[in-house]
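>>> Compute the structure for the input listed below.
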Amino acid sequence: SLVVRGARVELDLSGAIDVAAERARLSRDLAAAQRELQTSTAKLANAAFVARAPEPVVAKVRARLVAAEASVTRISAQLDALPRS
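Have a look, this model is predicted:
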């Protein structure tokens, strides 16, 4: 479902999606996003890295952390929305 100009539009896609395959794909995507989140968190927690790395590099890692957090949240919501089969 989606909202278009204040109207909610719902499409019945039952049977159009292979739920098991979509769940497997989203699970792989979630694992990759969680790895990126852990890697970025570890780099930023390393005081030596933050102190020695150029600011643009640290800023890039911070941006990757924010993007990974958003991905984990989005993918988790998508997984939760899929029917359990």
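>>> residue contacts, V3?
V9 (C-beta atoms under 8 Å, 6 or more residues apart in numbering). Any C-beta I mention is one placed from the backbone N, CA and C, and that applies to glycine too.
>>> For A42, see how far away S71 is.
To A42, S71 is 17 Å away according to C-beta to C-beta, to the nearest Å.
>>> how about the nearest residue to the residue nearest in space to the middle of the chain, chain neighbours excluded?
A centroid search over the chain (C-alpha atoms, centre = their mean) returns S71, at 1.5 Å, as the residue closest to the centre. With sequence-adjacent residues excluded and distances taken as C-beta to C-beta, 6 or more residues apart in numbering, S71 is closest to A33, at 3.9 Å.
>>> where's that neighbour, which helix or strand?
helix 19-45 (DSSP states H and E).
>>> Ok, A77 next?
Per DSSP H and E, A77 falls inside helix 55-81.
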